[in-house]
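# Return a 3D structure for these sequence lines:
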Amino acid sequence: MTINFAIKASIVLAVSLLSLAACKKDLPPIKNNLTVREAVLSGGFMQIPVKIGTPLQINLAVNPGNIAVTEEATYTSKHPEIASYSKSGVITGLTIGVDTVIINTAGLQVWYMVNVSK
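Numbering: from 1, shown residues only. Just a heads-up that it's a prediction; the model follows:
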C-alpha cells in the first residue's frame, strides 16, 4: 500500500510539473512599462498628487529594472484647465480636480490620474 501511494504521488508530481512547464512557455515575455515614480495607489488607481500652485517635477522610469528615462516625453492632458504640463515633466495644479494625463516616451505610453488639491 505504501508503494502504491508513492507511485501515485510521483505520477501526480510529474503531471503537475509538466502542466507548470507547459503554462510557463505560453506566457508572453515581460514587457517594459513606463511609470512615474511620484505616483501613488489611491482609490484603486495610480494617481499623481499635486497641490495647486506647487510645481511637481515627475521622474519617469521603465520597469522592470526601474531605469530612468532620459528622453523627452510628451504629455497630453484631458483637462488642461485642471493642470499644466511642461516639456520637462513639471506638473502644476491650476484648480482642484482630477485630470488624466497620457505620457509618451521611448516608444512607451502610460496614463495617470492627476489629483489636484489645495
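# Name the nearest residue to residue 62, sequence neighbours excluded.
If you skip the residues right next to it in sequence, residue 62 has residue 32 as its closest partner in space, 5.0 Å away by C-beta to C-beta, 6 or more residues apart in numbering. Yep, even glycine has a C-beta here, placed from its N, CA and C like the rest.
# That neighbour: how many residues sit nearby?
13 (other C-beta atoms under 10 Å).
# what's the spacing between it and residue 60?
Between residue 32 and residue 60 the distance is 12 Å, computed by C-beta to C-beta, to the nearest Å.
# same check, this time on residue 92
17 Å.
# Residue 106 too?
Residue 106 is 8 Å from residue 60, by C-beta to C-beta.
# Look at the two and report which has more neighbours.
Between residue 106 and residue 60, counted using other C-beta under 10 Å, residue 60 has the larger neighbour count: 21 against 15.
# Please list all residues in contact with the most centrally placed residue in the chain.
Centroid-nearest residue in the chain, with C-alpha atoms, centre = their mean: residue 35, separated by 5.0 Å. Contact analysis of residue 35 by C-beta atoms under 8 Å, 6 or more residues apart in numbering lists 60, 61, 62, 63, 66, 110.
# Swap in 6 Å and give it another go.
Counting by C-beta atoms under 6 Å, 6 or more residues apart in numbering, residue 35 touches 61, 63.
# Name the residues linked to it by a beta bridge.
residue 61 (DSSP bridges).
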